[in-house]
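Undergrad: One predicted model, sequence on top.
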Amino acid sequence: MLFHYYMIKHINKYNDKNVMWHFYRINREDRERLHQHRSMILWFTGLSGSGKSTLASILEEKLYCRGVSTYSLDGDNIRHGLCKDLSFNSNDRSENIRRVGEVARLMVDAGLVVLVALISPYRIDRQIIRDMCIKDSFLEIFVDTPMLICKQRDPKGLYHQVDCKKIKNFTGIDSIYERPKQPDIYLDGRKTISELMNQLLDLVLVKIFK
Ligand SMILES: Nc1ncnc2c1ncn2[C@@H]1O[C@H](COP(=O)(O)OS(=O)(=O)O)[C@@H](OP(=O)(O)O)[C@H]1O
Ligand SMILES: Nc1ncnc2c1ncn2[C@@H]1O[C@H](COP(=O)(O)OP(=O)(O)O)[C@@H](O)[C@H]1O
């Protein structure tokens, strides 16, 4: 009860609209018990073409087959709806990450393992999401693929368009990508997909079923 009162005071201190937080009877821990695994964000970051979506999608399938309740939030897809008003300038990229981070946090509260695949180029934006999550419920997964390889893959022809000067502000070319200094999981994007999956799956399963 005291904790409840403290939380209301604490939250209201930061609320400028006189809106009070309402605590519900069922919380994240209850939902985690129901799902029989921990809920968390698996945040894939890396250049365009580094392999974020591919790895997130295969990982999600493997988790699903093991009975894990998942959802994926992919930059390309989210920019068709929730973030379709946003461009690729730095403010809009930060807003994109903020929105996706908030949605992912709600999904974690709902008891899910949320796979996020966003370039998320700025360290500060990724740190803000980490800070708003409870301990151990945010894993930053850095897909470190050299630009040259990303350019060779170029599955959507975007790097080609950059070369033709048809796209500006492209990450890693004329828009900055800040490499994670201490990612929770480091993936060397030069390895094969199956090598990376072997590395990734074991690490993630340990966290989810801890
Ligand atoms: N200028 C520019 N820079 C980078 N990427 C671009 C750009 N324009 C379009 N695209 C396509 O948008 C996808 C990246 O969207 P994100 O929401 O992940 O970007 S960000 O996190 O807001 O930086 C990215 O998807 P991925 O290739 O899957 O990373 C591209 O397909
Ligand atoms: N480790 C890898 N080795 C070889 N090809 C890969 C690897 N990871 C991804 N790819 C391929 O590279 C391309 C870009 O991958 P994608 O997952 O779309 O990257 P991102 O989501 O980071 O833009 C796809 O055609 C995918 O099949």
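TA: Yep, it's here. Ligands and ions are numbered 1, 2, ... in the order given.

Undergrad: Next up, the contacts around Arg130.
TA: Going by CB atoms under 8 Å, 6 or more residues apart in numbering, Arg130 touches 138, 140. Heads up, the C-betas are built off the backbone N, CA and C, glycines and all.

Undergrad: Can you classify it as helix, strand or coil?
TA: helix (DSSP: H, G, I helix; E, B strand; the rest coil).

Undergrad: Could you do the one 10 residues further on as well?
TA: For Glu140, the secondary structure call by three-state DSSP comes out as strand.

Undergrad: just His22 next, same as before
TA: His22 - assigned by three-state DSSP - is coil.

Undergrad: for the chain, what spans make up the strands?
TA: For the chain, the strands defined by DSSP state E occupy 40-45, 70-74, 113-117, 138-144, 185-188.

Undergrad: Can you add mean neighbour count, distance to Gln152 and mean pLDDT and give those strands back as JSON lines?
TA: Listed next are the strands of the chain as JSON lines, based on neighbours: other CB atoms under 10 Å; distance: least, CB to CB, whole Å; pLDDT from 0 to 100:
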{"stretch": "strand 40-45", "mean neighbour count": "27", "distance to Gln152": "20", "mean pLDDT": "98"}
{"stretch": "strand 70-74", "mean neighbour count": "18", "distance to Gln152": "22", "mean pLDDT": "98"}
{"stretch": "strand 113-117", "mean neighbour count": "27", "distance to Gln152": "20", "mean pLDDT": "98"}
{"stretch": "strand 138-144", "mean neighbour count": "22", "distance to Gln152": "16", "mean pLDDT": "98"}
{"stretch": "strand 185-188", "mean neighbour count": "17", "distance to Gln152": "16", "mean pLDDT": "98"}
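
Undergrad: Any chance of the ones you listed in a markdown table with distance to Ala104 as columns?
TA: What follows is the strands of the chain, written out as a markdown table (distance: least, CB to CB, whole Å):
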| stretch | distance to Ala104 |
| --- | --- |
| strand 40-45 | 5 |
| strand 70-74 | 6 |
| strand 113-117 | 5 |
| strand 138-144 | 9 |
| strand 185-188 | 17 |
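
Undergrad: Go through these and name the closest to Asp154.
TA: Checking the strands of the chain against Asp154 by CB to CB gives strand 138-144 as the closest, at 15.9 Å.
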